[in-house]
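sequence and predicted model, in that order:
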Amino acid sequence: MIGDGDASILSTVDEVLAIARGGSGARVLDCRSDAEWVGESTGAHEAPRKGRVPRAQHLNWELLVDDDGTYLAPELLRALYLAAGIDGSTPVFPYCGGGIRSAASWFAMYELLGWEQARNYDGSWAEWAGRADLPIETG
């Protein structure tokens, strides 16, 4: 039997919006490609708008793994996150196009680095871009 899952590892659109508007001590982390980050592409997920969540940090999830798909050593992961402005001391909500790539980043933060305040925004860009009332940045 499959349970309901653990909602405590997920963030919501309202939590992400609070950060986009300048509130909260938490961080939003865009895990998509550089082209998606700047608003040149929506990637594999078609979306009605291009861009990113305002005030989001950026770290392409592909940088977290070796060529064979193995996660980098914890000290290398920490250095990558720190360079992106994420240090594990505050809540961080990764997102991507549909919640899958951000789940890979969430796993690295939560399971490999022990950052218990990491919570995946699984609605991700598919939800954000589909709502005209939510702000975006480009460039």
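In hand now; what should we look at?

please name the bridge partners of the residue nearest in space to the middle of the chain.
Centroid check for the chain by Cα atoms, centre = their mean gives P94 as the closest residue, at 1.9 Å. Beta-bridge pairing for P94 (DSSP bridges): L29.

and it, what does it touch?
Residues counted as contacts of P94 (Cβ atoms under 8 Å, 6 or more residues apart in numbering) are 28-31, 102-103, 105-106, 109, 118, 120-121. Any C-beta I mention is one placed from the backbone N, CA and C, and that applies to glycine too.

what about 7 Å?
29, 31, 102, 105-106, 120-121 (Cβ atoms under 7 Å, 6 or more residues apart in numbering).

please apply the same query to L59.
29, 31, 80-81, 84.

ok, now A103?
Neighbours of A103 in contact, by Cβ under 7 Å, 6+ apart: N120.

buried stuff in stretch 25-41?
Residues of stretch 25-41 classed as buried: 26-33, 36-37, 41 (neighbour count, 16 or more other Cβ atoms under 10 Å).

export those to CSV and tack on pLDDT, secondary structure and distance to A129?
Listed next are those as CSV, based on pLDDT from 0 to 100; DSSP: H, G, I helix; E, B strand; the rest coil; distance: Cβ to Cβ, whole Å:
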residue, pLDDT, secondary structure, distance to A129
A26, 94, coil, 21
R27, 96, strand, 20
V28, 97, strand, 14
L29, 98, strand, 17
D30, 98, strand, 12
C31, 98, coil, 15
R32, 97, coil, 11
S33, 96, coil, 15
E36, 95, helix, 10
W37, 95, helix, 13
S41, 86, coil, 12
